[in-house]
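Trainee: can't give you the sequence, but here's the structure:
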DNA sequence: TTTACTGCAAAGCATTTGCAGGGCG
DNA sequence: CGCCCTGCAAATGCTTTGCAGTAAA
């Protein structure tokens, strides 16, 4: 067995909890540096990976391929414009019943879910296709 | 105004409709070649981008950063293991009411949504953290 | 002819991996 | 002393972009 949390894991998790919004690994790395916490980018990724498997951190992967990390309790979802990429937060969430159901029917240990709506925002609808 | 569909857009969309499952741009490119349809990879990406904005193709971005494309009518969601990456399809979907609601409350033109549950599958639960 | 589409190759970027040094038990 | 954690730099892989040739209107 190994120690429950490494130093970098603790630092990363602490910062994630302090921040209000989900954040990318790159930004997280920058923020840590800014706070005089010396850590390598690869280490940030490795810490996030472990925390993810532990179930304390959740991930949302953007269409750009970038991933945003946040503590795994938030139940915030998104309404995203396919054209400009802007996201609006959605707090309503009708899937918890289903989550419990899947948990049992598939023997899965579900940590969290992501729900995202895609389309065109009002502004981008006016611009037409291109 | 431009022609409604370019040749490559038609080819890409036709193939997407023929296939049962969502497919990556790279695979799509390979499949087209295999069918003797000469097309560049960049063109495949550009066609997918246009079809996406048109609302006829939907995208799901995997944690790996790779994106899977499919015709935008499927209402298939996923239960994904954070450790091994395997996905199980989920056909239940309790979010349509919310979708309609958001459509109106935010002046968004919603094309589709993604819903994904993350956790550990039965097999990976047994392996413990590492 | 004029404009938009296409293909190739080069670039861009987030993420992952190899490896050697360092810290902790 | 030995093992895991770290950090740097190199490598990977998907996607995007620049540019010149091509097809279409």
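Mentor: Good, I have the coordinates. Bear in mind the structure is a predicted one, so any value in this text is a computation, not a measurement.
Trainee: all helices for chain A, in order.
Mentor: Applying DSSP state H to chain A gives helices spanning A:7-18, A:25-34, A:41-54, A:96-105, A:122-127.
Trainee: Please identify which of those helices is closest to residue B:75.
Mentor: helix A:96-105 (13.1 Å; C-beta to C-beta). Glycine gets a C-beta too; all of them are placed from N, C-alpha and C.
Trainee: which helices and strands sit right next to that closest one?
Mentor: When contacts are defined as 3 or more C-beta pairs under 8 Å, 6 or more residues apart in numbering or on different chains; DSSP states H and E, helix A:96-105 sits against strand A:109-120, strand B:109-120.
Trainee: helices and strands of chain A: which one bottoms out on pLDDT?
Mentor: Here the helix or strand of chain A ranked lowest by mean pLDDT, DSSP states H and E is helix A:122-127, holding a mean of 85.
Trainee: Buried residues, it. List them.
Mentor: Neighbour counts over helix A:122-127 (16 or more other C-beta atoms under 10 Å in any protein chain shown) mark residue A:124 as buried.
Trainee: Does chain B have contacts with that helix?
Mentor: Yes - counting by C-beta under 8 Å from any C-beta of the partner chain, chain B is contacted by helix A:122-127 at A:122, A:125.
Trainee: can you list contacts of that helix?
Mentor: Identification of contacts with helix A:122-127 by C-beta atoms under 8 Å, 6 or more residues apart in numbering or on different chains yields A:81, A:82, A:83, A:84, B:106, B:107, B:108, B:109.
Trainee: quick one on the thing from earlier: dump the helices and strands packed on helix A:96-105 to JSON lines, plus distance to residue A:95 and mean pLDDT.
Mentor: Output for these, formatted as JSON lines (distance: least, C-beta to C-beta, whole Å; pLDDT from 0 to 100):
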{"stretch": "strand A:109-120", "distance to residue A:95": "6", "mean pLDDT": "95"}
{"stretch": "strand B:109-120", "distance to residue A:95": "7", "mean pLDDT": "95"}
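Trainee: any chance of those in CSV, plus mean neighbour count and distance to DNA strand D?
Mentor: Listed next are the helices and strands packed on helix A:96-105 as CSV, based on neighbours: other C-beta atoms under 10 Å in any protein chain shown; distance: least, C-beta to the nearest atom of the strand, whole Å:
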stretch, mean neighbour count, distance to DNA strand D
strand A:109-120, 20, 14
strand B:109-120, 20, 14
